[in-house]
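S.K.: Could you look at this predicted model? Sequence included:
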Amino acid sequence: MSATSSRKLRHVRLRKKVAGTAERPRLAIHFSGQHITAQVIDDLAGITLASVNTTEESFKKDPTSRANVATATKVGKLIAERGLAKKIEKVVFDRGGFMYHGKVKALADAAREGGLQF
C-alpha cells in the first residue's frame with residue numbers, strides 16, 4: 001500500500017470521529033508536495049468559515065515559502081488570526097491522516113499560540 005493510500009485510510013478513520021459544528025468548527029489541514037492548506041469548516045452547514053493557502057499573494061511574494069515547518073508556522077498563525085476575526089475561538093483539529101509531528105505539529109502549535117483552543 002502506498003503512503004498516499006495509507007494516509008487516506010487514516011483520514012477516513014479520523015473523520016468518523018471528528019466533525020465540526022457551528023459552535024466548534026473543524027480545523028482541517030492538508031499538505032501537498034509544495035503547498036499547505038488550512039480551513040475552518042462548519043460540517044453541519046457545509047461551509048468554510050476561514051481558510052489559508054500558500055498559493056495566496058502574501059505567500060507567493062516570499063521566495064522561501066515551501067511546504068516546510070517554517071511555512072506551516074506562518075499558516076497556523078494566520079488561520080488563528082482569521083478565525084478569531086470571525087469570532088471562532090474553539091475548534092476541533094483534523095490532521096487529515098498525517099502523522100502528528102513536524103509540519104502538522106508546528107501548524108497546530110502556532111494556531112494554539114494565535115488563540116485557537118483545541
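M.R.: It's in.

S.K.: contacts and neighbour counts: CA atoms only from here.
M.R.: Fine.

S.K.: Now do the lengthiest helix in the chain: everything it contacts.
M.R.: Among the segments of the chain that qualify as a helix by DSSP state H, the longest is helix 69-85. The list of residues contacting helix 69-85 from outside it, by CA atoms under 8 Å, 6 or more residues apart in numbering, reads 36-40, 49-54, 65, 89, 102-104, 106-116.

S.K.: hmm, 6 Å instead?
M.R.: The contact list for helix 69-85 (CA atoms under 6 Å, 6 or more residues apart in numbering) reads 52, 65, 103, 106, 107, 110, 111, 114, 116.

S.K.: Export only the CA atoms of that helix, formatted as PDB.
M.R.: Taking Å, rounded to 0.1, in the frame of the first residue of the first chain, the C-alpha atoms of helix 69-85 are listed here in PDB:
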ATOM      1  CA  VAL A  69       7.900  23.700   9.200                       C
ATOM      2  CA  ALA A  70       8.600  27.500   8.900                       C
ATOM      3  CA  THR A  71       5.700  28.000   6.500                       C
ATOM      4  CA  ALA A  72       3.400  25.700   8.500                       C
ATOM      5  CA  THR A  73       4.000  28.000  11.500                       C
ATOM      6  CA  LYS A  74       3.100  31.100   9.400                       C
ATOM      7  CA  VAL A  75      -0.100  29.300   8.100                       C
ATOM      8  CA  GLY A  76      -1.000  28.400  11.700                       C
ATOM      9  CA  LYS A  77      -0.700  31.900  13.000                       C
ATOM     10  CA  LEU A  78      -2.700  33.300  10.000                       C
ATOM     11  CA  ILE A  79      -5.500  30.800  10.300                       C
ATOM     12  CA  ALA A  80      -5.800  31.700  14.000                       C
ATOM     13  CA  GLU A  81      -6.000  35.400  13.200                       C
ATOM     14  CA  ARG A  82      -8.700  34.800  10.500                       C
ATOM     15  CA  GLY A  83     -10.600  32.500  12.800                       C
ATOM     16  CA  LEU A  84     -10.600  35.000  15.700                       C
ATOM     17  CA  ALA A  85     -11.600  37.800  13.300                       C
END
